[in-house]
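> When you get a sec, could you give me coordinates for this:
(one chain, ligands or ions: 1)
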Amino acid sequence: MEISFHGAAEGVTGSCHMITCAGKKILIDCGMFQGGHELNEDNAEPFGFDPRQIDVLLLTHAHLDHCGRIPLLVKQGFRGEIICTAATRDLARLVMLDSAHLHEEEAKRRRRHGKGSEPLYDTMDAFDAMDRFGRNADYDKPIHLGRHITATFVDAGHILGSASILLELEEEGHKRRVLFSGDLGPDERPLLSDNQAPSDIDIVVIETTYGDRDHRPLNASVDEFYDAIRDAQERGGNIIIPTFALERAQELLFYLREGMERKEIPDTLHVFLDSPMAISATQIFRRHPEAMRTDVERMLNSGQDPFQLPNLRFTRESHESMALNRIRSGAILMAGSGMCTGGRVRHHLRHNLAHSDCSVIFVGFAAKGTLARIIVDGARSVRLWGKEIPVKARIHTINGFSAHAGRSELLAWHRQAGKPEITFLVHGEQEEKESFAKALKHTRVEMPKLHQSYKI
Ligand SMILES: [Zn+2]
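So this is what the prediction gives:
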């Protein structure tokens, strides 16, 4: 039996791990490397294995850094079955199609600049990838992958449909229980159940994105969010919220609805979800009550819509989005991208940043070098489409809305798994991994390198 690591080994993106057992090769995730480099470079590198020899791909969740290389895997000959939860399947389709479109656009741009290059994969490749999706996994119900191999998906509480995956393996009488965390969510999210870990695990593979620190409490962040909205509303201008399309946008709609119902914020505010991807994702959320907390599931099943507000509009078409530029006050504009690196939010910033009665509320992580980070760090002006725009709007930064478990929650999850013989740390920067490793007890800790393999 063997385990090997082909992504998210030295870094946080590109998750891709492989188990070899009883003549079968099983892949866990096949994600995109993101950030820093040209879109295609790291991702176009060989996988480190032959995609034609993989029997099964188990997908923990639909974030791009976990599913983004699936169309490439299929393009290079993978003909096995992809298994994930029903919600992940729907979200992964959206994410892969969006990614294919971006790669096509990038290839067009390069061609215009005389650098001929094919897209990493295109829309047809994403459709081919969809044909490989087979059985849907229900939480906690084992799925047989072969005579001696079973996979059980367990709720990871990270985004809709997300799972940790338990593999029960046997080879020549040697039995192993191997648990892959996927990405783990923090406790007490508004839409999702808390993460869970099965017990008596021999081998753990755990993400360590926030292995070195805890987040601010969520309740305090929600209060801060309402404060920021009230403050902005009193000053009269628009409120821009740069937002990620998956989970964060739906959580914010949920909080806005609750805030309006509890009269924390006025229900007269006009809210625009100005992101085709977030709109499609919200529709997928509505279709999957089974993947949410029981109270939200009950709401949806009784015909109530947890994402509906009195004055909410979905602006999918670009002419509708452009019309928003004419609104001068009283609107909440939610648009991507979350870090303002592209997308419609940049247009809204261009039209609102220079007005002192407007506000921008940042509710997510902003990586160094991104426009979001530049504004958060207090820039007096920013450059958009060649024009210098002064930053006069009030800037709020709210930090507690993470989709990732903090250090204490990761440790609690690991404790639940028992006293594993080996714990592999992945999906974290070196610093986070080292800090987390020091806190782990009763286990041997390994920090695998890219393409490194271990006998287990
Ligand atoms: Zn994730």
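> going forward, measure contacts between C-alpha atoms and count neighbours the same way
OK.
> Please tell me how far the spatially most central residue of the chain sits from residue 223.
Nearest to the mean C-alpha position of the chain, by Cα atoms, centre = their mean, lies residue 63 at 4.0 Å. As judged by Cα to Cα, to the nearest Å, residue 63 and residue 223 stand 28 Å apart.
> What of residue 80?
Separation of residue 80 from residue 223 (Cα to Cα) stands at 47 Å.
> who's more crowded, those two?
Neighbour comparison, residue 80 and residue 223: the larger count goes to residue 80, with 19 against 14 (by other Cα atoms under 10 Å).
> Excluding chain neighbours, give the residue nearest to that one in space.
In this structure, residue 80 finds its nearest non-sequential neighbour in residue 55, 4.7 Å apart by Cα to Cα, 6 or more residues apart in numbering.
> Then residue 93?
Nearest non-adjacent residue to residue 93, counting by Cα to Cα, 6+ apart: residue 130, 6.8 Å away.
> Would you mind identifying the next helix or strand past the helix or strand hosting residue 436?
When elements are assigned from DSSP states H and E, residue 436 belongs to helix 430-439. Using DSSP H and E, the helix or strand that follows helix 430-439 towards the C-terminus is strand 444-446.
> so the residue nearest to residue 93 sits right up against residue 95, yeah?
No - counting by Cα atoms under 8 Å, residue 130 does not reach residue 95; the two are 11.4 Å apart.
> Go through stretch 76-86 and flag the buried ones.
Residues of stretch 76-86 classed as buried: 78-86 (neighbour count, 16 or more other Cα atoms under 10 Å).
> Sorry, slip of the keys, the one I care about is stretch 442-456.
In stretch 442-456, counting by 16+ other Cα under 10 Å, buried: 443, 445, 447-451, 453, 456.
> Same list (the residues you listed) but as CSV, adding pLDDT.
Shown next, in CSV, are the buried residues of stretch 442-456 (pLDDT from 0 to 100):
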residue, pLDDT
443, 97
445, 98
447, 96
448, 96
449, 94
450, 93
451, 95
453, 97
456, 96
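> Compute the number of surrounding residues for the residue nearest to residue 93.
With neighbours defined by other Cα under 10 Å, the count for residue 130 comes to 20.
> Next, give phi and psi for it.
phi -60, psi -30 (degrees, to the nearest 10).
> all helices of the stretch 1-150 of the chain, in order?
64-67, 70-75, 86-112, 123-130 (DSSP state H, counting those that start in this stretch).
> closest one to residue 333 among those helices?
helix 86-112 (21.6 Å; Cα to Cα).
> Same question for that closest one: list its buried residues.
Of all the residues in helix 86-112, those buried under the rule 16+ other Cα under 10 Å are 86-104, 106-108.
> Stretch 357-367 too?
357-366.
> Distance from the chain centre to it, please.
Averaging C-alpha positions (Cα atoms, centre = their mean, to the nearest Å) puts stretch 357-367 18 Å from its chain's average.
> would you put the C-alpha positions of it in PDB?
Written as PDB, here are the backbone C-alpha positions of stretch 357-367 (Å, rounded to 0.1, in the frame of the first residue of the first chain):
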ATOM      1  CA  ASP A 357     -20.400  58.800   1.500                       C
ATOM      2  CA  CYS A 358     -19.800  55.300   0.000                       C
ATOM      3  CA  SER A 359     -18.300  52.300   1.800                       C
ATOM      4  CA  VAL A 360     -16.500  49.200   0.900                       C
ATOM      5  CA  ILE A 361     -16.800  46.200   3.200                       C
ATOM      6  CA  PHE A 362     -14.100  43.500   2.800                       C
ATOM      7  CA  VAL A 363     -15.300  40.200   4.200                       C
ATOM      8  CA  GLY A 364     -12.600  37.800   3.000                       C
ATOM      9  CA  PHE A 365      -9.000  37.000   2.800                       C
ATOM     10  CA  ALA A 366      -7.000  39.400   0.600                       C
ATOM     11  CA  ALA A 367      -3.600  38.100  -0.700                       C
END
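> which other residues reach it?
By Cα atoms under 8 Å, 6 or more residues apart in numbering, the list of residues contacting stretch 357-367 from outside reads 225, 228, 232, 235-244, 329, 338-339, 352-353, 372-373, 376, 393-402.
> Buried ones from those residues, can you make that a ChimeraX selection?
Listed next is the ChimeraX selection for buried residues among those, using 16+ other Cα under 10 Å:
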select :225,228,232,235,236,237,238,239,240,241,242,243,244,329,338,339,352,353,372,373,376,393,394,395,396,397,398,399,400,401,402
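> Just the ones of the contacts of stretch 357-367 in strands?
Mapping those onto strands (DSSP state E) picks out 239-242, 394-397.
> farthest-separated two in those?
With Cα to Cα as the measure, no two of these lie farther apart than 242 and 394, at 14.0 Å.
> that older thread, the residue nearest to residue 80 reaches residue 26, doesn't it?
Yes - in this structure, residue 55 is within contact of residue 26 by Cα under 8 Å, at 6.0 Å.
> C-terminal to the longest strand along the chain, what's the next element?
What stands out as the longest strand in the chain, according to DSSP E, is strand 163-171. Next in sequence after strand 163-171, counting helices and strands by DSSP H and E, comes strand 174-180.
> Summarise which helices and strands that next one is packed against.
strand 163-171, strand 203-207 (3 or more Cα pairs under 8 Å, 6 or more residues apart in numbering; DSSP states H and E).
> who wins for proximity to residue 253 among these?
Of all these, strand 163-171 comes closest under Cα to Cα, at 23.5 Å.
> Which neighbours in the sheet does the closest one have, and how are they oriented?
strand 149-155 (antiparallel), strand 174-180 (antiparallel) (DSSP bridges).
> how about it: buried residues?
Applying a neighbour-count criterion of 16+ other Cα under 10 Å, one finds 163-170 buried in strand 163-171.
> For residue 219, give me its contacts.
Residue 219 makes contact with no residue under the criterion Cα under 8 Å, 6+ apart.
> Kindly state the pLDDT recorded for it?
On pLDDT, residue 219 comes in at 93.
> how close does it sit to residue 94?
31 Å.
> Could you do residue 349 as well?
Counting by Cα to Cα, the gap from residue 349 to residue 94 is 26 Å.
> same check, this time on residue 24
Between residue 24 and residue 94 the computed distance is 29 Å (Cα to Cα).
> Repeat that for residue 7.
Separation of residue 7 from residue 94 (Cα to Cα): 22 Å.
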